[in-house]
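>>> Provide a 3D model corresponding to the input given below.
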Amino acid sequence: MKRGIVVALIVSLLLDLVVWPYSTTASTLDSGDQVGEGEQQDERKLRNARFMPLSLFKTLFYTSLSLDSSDPTDEEKANWAAYTEWGWKRSIAVEQNQSSPFPFIVCDDDNNPSAVDRKKSVAFNAIGVDEGVDLSEFFVTIKNTPEMTCYMGLVNGTQAEELGDFYVQPVTFLLKINAATVSFTGVGSDALIQYSVWFCPAVRQRNWTEWSFEIFDEIVPLIPVLVQFPEAEAYSDNFMRLYDYLQYTDREFCNDLLLENVEVENLEEYFIVTFNTTREPRSDGIPDEAPETCFVLWAFALAYAPEICYIERREPFETSNVIEQWIGQSGIPDYTPFYDHNITGEGQLVAVSDTGLDLDNCYFRDDAPMPFGTSFDLTRRKVVQYVDHVNSGESVNGHGTHVCGTIAGRKSEDGVTSTDGFVDGVAKGARLCFFDIGRDDENESLSVPGADRLLNPGKLAGARLHSASWGSASNFYANQDRDFDRYIYNDESFLVIIAAGNAGPDPKSVGSPANAKNVLTVGASTSGPGSISRGVTPVDQLAGFSSVGPSMDQRIKPDVVGPGAWVLSTGARDFPSCDPPSAADLPGPGGSNPAYGILSLQGTSMATPVVAGHCALLRQYFIEGWHGNGTKGSAESLDPSGTLVKATIINGAQSLGEFGLNDVNFEQGFGRISLIDSVPLFEENDLSAAFLDQVPIAQNQTISYNFTLRSRNKTCEDAELSATLVWADPPGFVGCLNCVLNDLDLYVEQTTVDGNVTQHFPNGKTVKDSVNNVERARFKAADGDSFIIQVTAAQLESEEQTYSLAVVYGCLNHRARAGLSTSGAGGPFMPNSVFGWWLVVGAATTAALTHLLLWL
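This next block holds a predicted model:
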């Protein structure tokens with residue numbers, strides 16, 4: 001920003017704070033706070049825009065004002081009204097002095113439930129934009145329900161005042177900052193502090209580094225004036241604390257501190273600013289908190305700028321430390337039916353971001369040189385790409401080497417010929433694209449770039465899966481969550497598998513970016529004994545360290561769990577390493593034999609690559625056409641979307657032993673992954689299946705699938721039908737409390753041969769689910785039962801939404817079936833001559849008919 005514009009901004013600020021006579025006191029304002037109660041009247045003029053009550057604002061997104069979900073008191077309502085009036089004055093001053101718009105929240109509660117039509121109405125009335133314009137460039141949706149849709153965007157203050165049909169709220173700086181922004185709990189004296197600064201829609205790219213520090217340099221000196229106004233004091237105790245420090249904290253001190261070690265990364269929707277908190281002991285009386293005070297002052301200064309819509313302090317990203325092949329495939333010791341059918345992840349690339357990768361470990365060894373950077377070499381045996389974002393090194397017993405070994409490690413002494421090893425990965429036939437985010441100092445947080453920079457290199461090489469065994473302590477929907485959701489929404493071929501974290505058993509302990517809607521979030525279960533696990537605990541228990549949900553907006557997180565307790569995998573060394581000569585030399589739980597390249601670790605970091613490896617097996621399964629009757633080539637090759645892979649994994653997940661059958665909860669999500677319960681596999685299970693991918697659906701449209709179950713082998717009496725609907729939802733607003741923007745509904749109607757009709761709703765509910773973008777219905781079924789499976793677009797923010805649907809019928813909970821062989825030689829099942837369902841198309845729409853070809 002040019003310095004003249006900055007000066008204009010300061011003039012605007014001075015006009016607001018000094019020239020305007022603040023005459024409206026809290027005691028003289030109407031404290032009514034019910035939606036629909038009428039319009040708030042300013043003492044100076046009648047404003048047409050409807051007053052937004054505090055109770056409504058608190059339902060929109062996560063800020064310091066929305067932490068308390070209780071009904072506002074009269075005093076809180078009055079303070080809110082006073083602060084809102086001050087915001088209106090700010091918006092008018094910015095328009096008059098800068099000829100610039102101001103950020104506003106606009107909510108439409110008319111009788112038209114279409115969010116698309118609501119957005120058009122808001123855009124036309126607020127900024128005069130009509131048909132044929134991409135409205136997402138001007139407004140971001142922050143809430144979308146049948147009753148109300150809310151947007152945030154830049155609007156001229158005088159125009160906003162005339163929006164009489166809408167609830168309108170000026171977004172002043174205290175509304176842009178969440179509680180974590182001014183909290184430094186757990187931050188040491190030598191650490192990295194990061195902020196994500198989200199700019200408003202329609203703001204043009206610029207040199208944010210120069211601009212942000214000009215804003216800081218000009219606005220901070222005026223904060224002593226700001227904190228003397230009642231609306232600031234009422235809403236921020238932090239201001240009074242900062243005011244006490246301002247007598248010590250001069251601009252020169254803060255400028256030196258902030259500019260000494262600062263990095264700025266410009267991304268598509270926001271920019272990341274990284275500061276270093278390193279400081280020398282002071283002898284001039286400045287409190288120890290002064291450096292943090294500088295960071296908070298900087299954040300508040302930026303929040304004051306009308307170009308900025310939201311600021312959050314990024315919690316440090318850390319690895320999620322505190323396997324299994326057979327657990328994820330069957331749950332039976334040493335029984336790996338997918339390996340028996342040569343489904344090992346062959347032909348698949350899995351991308352990984354982590355601390356580093358020891359290329360001299362024999363499980364990743366190659367006789368060809370490694371092309372570091374974003375380039376890739378598909379002729380390499382195991383690691384085809386190594387993006388040295390930070391460096392190309394790995395520490396002894398490093399996290400990344402262990403994770404990569406779990407996904408796709410495969411032993412090779414000479415770097416050419418692969419042989420069986422003690423710790424071959426889950427998808428041992430797959431190969432890896434690696435992105436190094438580990439800093440030189442192991443005690444520092446990870447260096448995580450934006451989603452495009454992080455995910456694009458692996459995708460360009462051919463990877464459609466990305467495993468991320470890291471996260472932060474932020475338990476709300478943060479910038480990184482939105483960034484991942486945006487990426488997957490724009491490219492549904494891709495799936496990111498993320499560790500939930502190790503902050504369990506506390507509720508709402510799943511950390512960002514695992515709170516993203518479109519990723520597959522993984523918790524940890526116990527591992528049990530087995531060929532590559534040295535654990536001693538039962539298989540079907542939730543690991544005590546595994547983070548649990550729900551998300552801040554009550555979505556089900558984690559999605560699934562996988563074995564993550566004392567996983568034995570590859571270990572990084574500072575010399576070329578490999579297996580010990582015998583199994584007797586393998587380390588025990590938590591151990592490491594320094595002479596060999598094997599290591600035992602536990603955490604959701606270990607569970608995540610287990611699940612990622614099984615996703616790679618699923619991709620090979622679909623691409624090779626196994627999804628017909630469970631034999632290779634029985635169906636046309638299908639390159640599955642990330643949403644179909646996610647739906648299939650969740651559809652077959654089984655409840656842990658401590659929970660009820662088919663229980664869906666915030667501890668295990670939908671359960672422990674189990675491929676044998678997810679897809680048919682000839683002679684190994686008794687399942688029929690149907691898979692629909694990328695089906696388009698429009699607002700108020702219902703797509704129905706009618707079918708009757710045919711007879712089967714009856715290897716179990718209590719057969720079940722399981723159906724899972726998944727869609728990639730549009731990215732939510734940072735800090736959202738109603739994060740799902742496109743609401744689809746799954747409904748199943750079952751009619752038995754006796755004519756009894758039962759309605760089935762998803763996720764253990766007795767009514768529709770409007771909170772999650774994953775919906776699973778599972779229940780007992782029998783031969784001859786007829787079904788109607790319906791998918792309805794109940795409330796869309798976009799013109800259209802695509803979805804994926806996975807359905808299986810037969811003997812689920814395969815591991816627990818009576819008489820099942822556990823010898824590891826395969827199950828007792830015979831070929832099923834009646835795989836497939838008799839489908840009656842009935843009322844299915846044209847959109848559905850296109851995809852019924854996948855049902856065999």
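>>> hey, which helix or strand in the chain has the poorest pLDDT?
strand 838-840 (a mean of 27; mean pLDDT, DSSP states H and E).
>>> what's near enough to touch the residue nearest the centre of the chain?
Nearest residue to the geometric centre of the chain (Cα atoms, centre = their mean): Ala516, 1.6 Å. Shown in contact with Ala516 (Cβ atoms under 8 Å, 6 or more residues apart in numbering): 477, 480-482, 484-485, 488, 496, 498. The C-beta positions use only the backbone N, C-alpha and C, and glycine is treated the same way.
>>> now swap in Asp639 and tell me
Taking Cβ under 8 Å, 6+ apart as the test, what Asp639 contacts is 493, 622-623.
>>> low-confidence ranges in the stretch 1-150 of the chain?
Scanning the stretch 1-150 of the chain for pLDDT under 70 picks out the ranges 1-46, 64-69, 130-133.
>>> can you give me the strands in it?
Ranges of strands within the stretch 1-150 of the chain are 50-51, 102-108, 139-144, 149-155, based on DSSP state E, counting those that start in this stretch.
>>> which stretches in the stretch 251-400 of the chain count as strands?
Going by DSSP E, counting those that start in this stretch, the stretch 251-400 of the chain shows strands at 262-266, 270-276, 308-314, 318-319, 349-354, 383-387.
>>> need the winner for burial among the ones you listed.
By mean neighbour count, with neighbours taken as mean count of other Cβ atoms under 10 Å, strand 349-354 ranks first of the strands of the stretch 251-400 of the chain at a mean of 27.
>>> what pairs with that one, parallel or antiparallel?
Note on strand 349-354: by DSSP bridges, its sheet partners are strand 431-436 (parallel), strand 465-468 (parallel).
>>> downstream of the first one, the next helix or strand is which one?
Looking back up the chat, that one is strand 431-436. Using DSSP states H and E, the helix or strand that follows strand 431-436 in sequence is helix 451-461.
>>> which strands and helices sit next to that following helix?
strand 349-354, strand 383-387, strand 431-436, strand 465-468, helix 479-490 (3 or more Cβ pairs under 8 Å, 6 or more residues apart in numbering; DSSP states H and E).
>>> need the mean per-residue confidence for the third one.
This predicted structure assigns strand 431-436 an average pLDDT of 96.
>>> show me which residues of that strand are buried.
431-436 (16 or more other Cβ atoms under 10 Å).
>>> just give me the closest of those to Gln694.
Compare each of the buried residues of strand 431-436 with Gln694 using Cβ to Cβ and the shortest gap goes to Cys433, at 24.1 Å.
>>> what pairs with that closest one across the strands?
Ala351, Gln385.
>>> got the contact list for it?
So Cys433 contacts 349-352, 376, 383-385, 387, 457-458, 461, 463 (Cβ under 8 Å, 6+ apart).
>>> rerun at 10 Å
349-353, 374, 376, 383-387, 457-463, 465-466 (Cβ atoms under 10 Å, 6 or more residues apart in numbering).
>>> before we move on, what about Trp88?
Contacts for Trp88 (Cβ under 10 Å, 6+ apart) come out as 40, 42, 47, 49, 102, 104, 157, 160-161, 168-170, 172.
>>> distance check, the residue nearest to the centre of the chain against Ile488.
8 Å (Cβ to Cβ, to the nearest Å).
>>> what's the answer for Gly356, then?
26 Å.
>>> ok, Met606 next?
From Met606 to Ile488 the distance is 24 Å (Cβ to Cβ).
>>> do Asn144 as well
Note on Asn144: its distance to Ile488, by Cβ to Cβ, is 18 Å.
>>> among the strands of the stretch 1-150 of the chain, which is nearest Ser704?
strand 139-144 (24.4 Å).
>>> just checking, what packs against that closest one?
Counting contacts by 3 or more Cβ pairs under 10 Å, 6 or more residues apart in numbering; DSSP states H and E, strand 139-144 packs against strand 102-108, helix 115-127, strand 149-155, strand 308-314.
>>> distance to Gly657 added to those, as CSV?
Formatted as CSV, those follow (distance: least, Cβ to Cβ, whole Å):
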stretch, distance to Gly657
strand 102-108, 46
helix 115-127, 43
strand 149-155, 43
strand 308-314, 38
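>>> for the stretch 501-650 of the chain, which segments count as helices?
Secondary structure of the stretch 501-650 of the chain by DSSP state H, counting those that start in this stretch: the helices cover 604-623, 642-652.
>>> for those helices, which one sits closest to Val774?
Closest approach to Val774 among the helices of the stretch 501-650 of the chain is made by helix 642-652 (6.2 Å; Cβ to Cβ).
>>> no further questions, thank you.
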